[in-house]
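Student: coords please:
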Amino acid sequence: MTSTHATAYTRTNTAIYVADKMRNLMKSLVIDAGLDPKALVDAWSSWVHEAARKLMESGHLQKIVIEFYVPGAANASGRWDFPIRYDANGIDEMWVDTEFFKSSFAKAPKPPANCIYRLLLVEAPGAPNVGLSYVSFLGLNGLSPREAGTVIATPDIMASATYYR
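Tutor: Residues are numbered from 1 along each chain as shown. Below you'll find the predicted structure:
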């Protein structure tokens with residue numbers, strides 16, 4: 001019984017930690033792109049944090065995506081995916097590699113100045129209802145994914161970054 005309680009406690013706390021750190025990493029990304037992070041912070045406080053946290057607690061958040069695009073465009077000008085894994089192999093520490101993440105900014109193309117961005121959460125089948133609705137991704141128009149590596153690690157949740165160029 002104690003073990004079950006400890007596992008639930010750990011997943012809840014690591015989900016909060018990962019959600020908070022993801023917000024900070026994406027805020028850095030938006031600022032580096034020369035865009036105002038206000039929309040990200042507003043979305044995070046109004047719906048993203050709660051939905052992401054609940055989906056991570058249940059193990060159903062597959063990834064968080066930020067798409068940069070020109071309003072009205074059918075294709076993204078840039079995109080970053082943050083795949084979430086639940087196989088951290090029980091490491092005993094929690095860390096964020098902010099410097100490594102920021103060093104990958106130079107490898108990804110900067111979105112045009114007239115871009116805006118949006119956040120999308122991708123959930124696994126069987127996910128609990130957290131109030132999300134289905135939204136299609138924008139086209140990639142030749143952009144290809146490049147893995148940047150792990151950016152957040154906890155004892156049971158890991159997040160990596162993938163940029164498109």
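Student: just for this structure, where's the confidence low?
Tutor: The model of the chain has pLDDT under 70 over residues 1-9, 89-90.
Student: residue ranges for the strands of it, please.
Tutor: Ranges of strands within the chain are 61-69, 78-85, 95-96, 116-123, 145-153, 158-164, based on DSSP state E.
Student: same for the first one, what does it pack against?
Tutor: Under the contact criterion of 3 or more CB pairs under 8 Å, 6 or more residues apart in numbering; DSSP states H and E, strand 61-69 touches helix 2-32, helix 49-58, strand 78-85, strand 116-123. In short, each C-beta sits where N, CA and C put it, glycine included.
Student: winner for burial among those?
Tutor: Among the helices and strands packed on strand 61-69, strand 78-85 has the highest mean neighbour count (mean count of other CB atoms under 10 Å), at a mean of 22.
Student: list the neighbouring strands of that one plus their orientation.
Tutor: Strand pairing for strand 78-85, determined by DSSP bridges: strand 61-69 (antiparallel), strand 158-164 (antiparallel).
Student: nearest residue to the residue most central in space within the chain other than its sequence neighbours?
Tutor: Geometric centre of the chain, nearest residue: Ile64, 3.4 Å, by CA atoms, centre = their mean. Distances taken as CB to CB, 6 or more residues apart in numbering place Phe82 nearest to Ile64, at 4.5 Å, with adjacent residues excluded.
Student: against Asn114, how distant is that neighbour?
Tutor: Noted for Phe82: a distance of 25 Å to Asn114, by CB to CB, to the nearest Å.
Student: quick revisit: out of the strands paired with strand 78-85, nearest to Val135?
Tutor: Among the strands paired with strand 78-85, strand 61-69 comes nearest to Val135, with 9.9 Å by CB to CB.
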